[in-house]
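K.L.:
What would the 3D arrangement of this be:
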Amino acid sequence: MHLLGPWLLLLVLEYLAFSDSSKWNIDHPGTIYAWEGACVWVPCTYRVLDGALETFILFHNPEYNQNMSKFEGTRLYESTKDGKVPSGQKRVQFLGNKINNNCTLSIHPVHVNDSGQLGLRMVSKTEKWMERIHLNVSERPFPPRIQLPPKLQESQEVTLTCLLNFSCYGYQIQLQWLLEGVPMRQPAVTSTSLSTKSVFTRSELKFSPQWSHHGKIVTCELHDVDGKVLSEDTVQLNVKHPPKKVTMVIENPTPIREGDTVTLSCNYSSSNPIVNHYEWRPRGGWEEPSLGVLRIQNIGWNNTAVACAACNNWCSWASPVTLNVLYAPRGVRVRKIKPLSEIHSGNSVSLQCDFSSSHPKEVQFFWEKNGSLLGKESQLNFDSISPEDAGSYSCWVNNSIGQTVSKAWTLEVLYAPRRLRVSMSQGNQVMEGKTATLICESDANPPVYSYAWFDWNNQSLPYSGRMLRLEPVKVQHSGAYWCQGTNRVGKGHSPLITLTVYVRRTPLSEGPHSLGCYNPMMEDGISYATLHFPETNTPRTGDAETPEMQRLPPDCDDTVTYSVLQKRQVGDYENVIPDFPEDEGIHYSELIQFGFGERPQTQENVDYVIVKH
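P.N.:
Below is the predicted model of the structure:
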């Protein structure tokens, strides 16, 4: 037979001391926490299968004595069989009873040296049991613990929890919340637990953190009944939020002009998490030399506003910044105000110098016509426009930044033909048989589209072009002419111009050697003469013809046609030297006498002609 070893014997003895654990069921907190001078409340319930509890002993740090087969240690409490509590055990109270299986007890006050194990020795009629409870008593009040949700986000309500692993009915405490040292306005809900599962005091606070709470300190203070702060716990809030107070700053020190380089910076006051990129509006081919800095080169006149956004998980936009770009006037043009239709000579005309925009708005105007300065007003007015006012007009608009000129605007004045005159390329004296070209020259807008020719009697001639061409010219063509021009505005006519046709003649070989005069343009009441040329160079004097001879045929080729002949019955006449060079075929007659008597001193009203033979 083998003997049991010492260690096996110890196990057997311990088993006998504790009895069968399956017959005992004891509930209580695993560890009780307190501090010097406070109290301890130990919730406890039990159940035993073989009868009622007869003896209850509370040991402090119990140890089993093998020799005596019992537990030894400081007895803090011991109940008697009659249920009475022995004197001297007022610090430790048994709050339960054996009837309802309650083994709750309290220690008040509790001291640091009470820390250790509390042993509950429980004995029934047939069974024994030792239940151990840990007691932790600190020198000073231990702090509560603040519990936060895993994530705090701006404006999302959360619950803050302040938990203290202590509660005792005989010792009043209070938990208070503070934010940055200031009591929080939100009401807190405080609860206590004195159950066999846990012992604690808890304060819960509903809280909607704002971005401004990020980084702030939240404190939970433990107060005694007098309001004295016994301990505290603090946490720093980590509130997730988009960038806040995003602003744009123009770094240029002077006013911005069109074409300048502009530097902008995007700033913010708070961001969690930190800003990792920026966005800009409007988007453009701009340079971002560093994070949050924008450089715009050759700024346009219409870059009026720029906005930026600072971004982390969210983007926050700044208010747009007006760049206030200064630029010279734009969109300068000449606009006709009146008349609304085409401009006719004599109309009242107003031209407006318009521009679309200018910054600064203070502007000056200048008008030019064909490079010459006209005026300095926004409007150019003509009370009665004339053709001379037509031309190319431009207006200038300038401000303190620069000046802009409009495109040239053509002012067209419509007017009826004016300044008409008849010109003769060969002069107004032409030799018979040559070509006489009369040209009707005019000034008109629009150009003349119809010409008419008239003689000295205002009789219309069968010619409608600008040129009246007489080829070959005859002596009968001598006389006064004028022309008329017509456009869609009106008509105009020229003054009279006289065409003189000279006879070109060789000497006559036969026929009467008489002189005569024939003028088909004169009226019957006016005398005239027909000159007949002799075959020799000796001039002869001819008398005035009788009225029967006044109607010589128009194609008589041995007569001289005078433009005008008014004679008095006295005096003498002679031909004059022509304006054109004399050629060998031209000879001049001798003095012709009409009538008798001496020649008066006054000048005769006579046109001279050149006689050629």
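
K.L.:
Was I right to think residue 56 contacts residue 75?
P.N.:
No: shown here, residue 56 and residue 75 do not form a contact pair, counting by Cβ atoms under 8 Å, at 11.0 Å. For every residue, glycine as well, the C-beta is placed using N, CA and C.

K.L.:
Please say which of those two ends up with more neighbours.
P.N.:
It is residue 56, of residue 56 and residue 75, that has more neighbours when counted by other Cβ atoms under 10 Å, with 21 against 17.

K.L.:
Excluding chain neighbours, what is closest to the more buried one?
P.N.:
Nearest non-adjacent residue to residue 56, counting by Cβ to Cβ, 6 or more residues apart in numbering: residue 79, 4.3 Å away.

K.L.:
What is the burial count for that neighbour?
P.N.:
Around residue 79 there are 21 other residues, counting by other Cβ under 10 Å.

K.L.:
quick one: contacts for it?
P.N.:
55-57, 85, 94, 98 (Cβ atoms under 8 Å, 6 or more residues apart in numbering).

K.L.:
and the least confident of the residues you listed?
P.N.:
Within those, pLDDT reaches its minimum at residue 85, with 50.

K.L.:
re the thing from before, what residues are shared contacts of residue 56 and residue 75?
P.N.:
With Cβ under 8 Å, 6+ apart, residue 56 and residue 75 have no common neighbours.

K.L.:
Can you list the buried residues in stretch 271-289?
P.N.:
By 16 or more other Cβ atoms under 10 Å, the buried positions in stretch 271-289 come out as 271-272, 275, 278, 280.

K.L.:
So what touches that stretch?
P.N.:
Contacts of stretch 271-289 (Cβ under 8 Å, 6+ apart): 211, 214, 238-244, 266, 268, 291-292, 294-297, 306-313, 315, 317, 320.

K.L.:
Same question for stretch 192-202.
P.N.:
Here stretch 192-202 has contacts from 27-29, 32-33, 41, 43-45, 144, 161-169, 173, 175, 190-191, using Cβ under 8 Å, 6+ apart.

K.L.:
Between its first and last residues, how far does that stretch reach?
P.N.:
Stretch 192-202 has an end-to-end distance of 6 Å (Cα to Cα, to the nearest Å).

K.L.:
That stretch: how far from the chain's middle?
P.N.:
67 Å (Cα atoms, centre = their mean, to the nearest Å).

K.L.:
Check the average confidence over stretch 217-229, would you?
P.N.:
So the average pLDDT for stretch 217-229 ends up being 96.

K.L.:
Tally up the residues packed near residue 121, please.
P.N.:
Residue 121: 21 surrounding residues under other Cβ under 10 Å.

K.L.:
With residue 129 instead?
P.N.:
Here the number of neighbours of residue 129 (other Cβ under 10 Å) works out to 21.

K.L.:
Quick check: it touching residue 24?
P.N.:
Yes: taking contacts as Cβ under 8 Å, residue 129 lies within contact range of residue 24: 4.4 Å.

K.L.:
returning to that earlier point: quick check on the contacts of residue 79: which are buried?
P.N.:
56-57, 94, 98.

K.L.:
max-length strand in this structure?
P.N.:
The longest strand of the chain (DSSP state E) is strand 53-65.

K.L.:
C-alpha coordinates for that strand, CSV please?
P.N.:
Output of strand 53-65 as CSV, limited to C-alpha atoms (Å, rounded to 0.1, in the frame of the first residue of the first chain):
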residue,chain,number,x,y,z
LEU,A,53,-26.5,28.8,6.3
GLU,A,54,-25.6,28.5,9.9
THR,A,55,-22.3,30.4,10.3
PHE,A,56,-20.8,33.4,8.3
ILE,A,57,-17.3,34.6,9.0
LEU,A,58,-15.5,37.4,7.1
PHE,A,59,-11.8,37.0,7.1
HIS,A,60,-9.1,39.4,5.9
ASN,A,61,-6.5,37.6,3.9
PRO,A,62,-7.4,34.1,5.2
GLU,A,63,-4.9,31.2,5.2
TYR,A,64,-5.6,27.6,5.8
ASN,A,65,-3.9,26.0,8.8
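
K.L.:
Now do that strand: distance to the chain's middle.
P.N.:
So, by Cα atoms, centre = their mean, the centroid of strand 53-65 is 91 Å from its chain's centroid.

K.L.:
next SSE after that strand?
P.N.:
The helix or strand immediately downstream of strand 53-65 is strand 70-78, counting by DSSP states H and E.

K.L.:
hmm, who's touching that next one?
P.N.:
Residues from elsewhere that reach strand 70-78 (Cβ under 8 Å, 6+ apart): 17, 55-65, 85-86, 89, 91-94, 105, 107, 118-119, 121, 130.

K.L.:
List the residues that contact the closest residue to residue 77 other than its chain neighbours.
P.N.:
Of all residues beyond its chain neighbours, the one nearest residue 77 is residue 58 (3.9 Å), with distances taken as Cβ to Cβ, 6+ apart. Residue 58 makes contact with 75-78, 92, 94, 105, 118-121, according to Cβ under 8 Å, 6+ apart.

K.L.:
just curious, which of these is nearest to residue 137?
P.N.:
Nearest to residue 137 among those is residue 118, at 11.1 Å by Cβ to Cβ.

K.L.:
Excluding chain neighbours, what is closest to that closest one?
P.N.:
Per Cβ to Cβ, 6+ apart, closest to residue 118 is residue 133, 4.4 Å.

K.L.:
Correct me if wrong: that neighbour contacts residue 29.
P.N.:
Yes: using Cβ under 8 Å, residue 133 is in contact with residue 29, at 7.4 Å.

K.L.:
Can you pull the domain assignment for the protein?
P.N.:
Annotated domains of the chain cover 6-138, 145-237, 242-322, 327-409, 415-501, 504-613 [automatic domain parsing].

K.L.:
quick revisit: of the contacts of residue 58, which is the most crowded?
P.N.:
Counting neighbours by other Cβ under 10 Å, the top entry in the contacts of residue 58 is residue 118, with 25 neighbours.

K.L.:
That one: helix or strand, and which one exactly?
P.N.:
Assigned by DSSP H and E, residue 118 falls in strand 116-124.

K.L.:
gap between that strand and the chain center?
P.N.:
Centroid separation between strand 116-124 and its chain, computed with Cα atoms, centre = their mean, is 87 Å.
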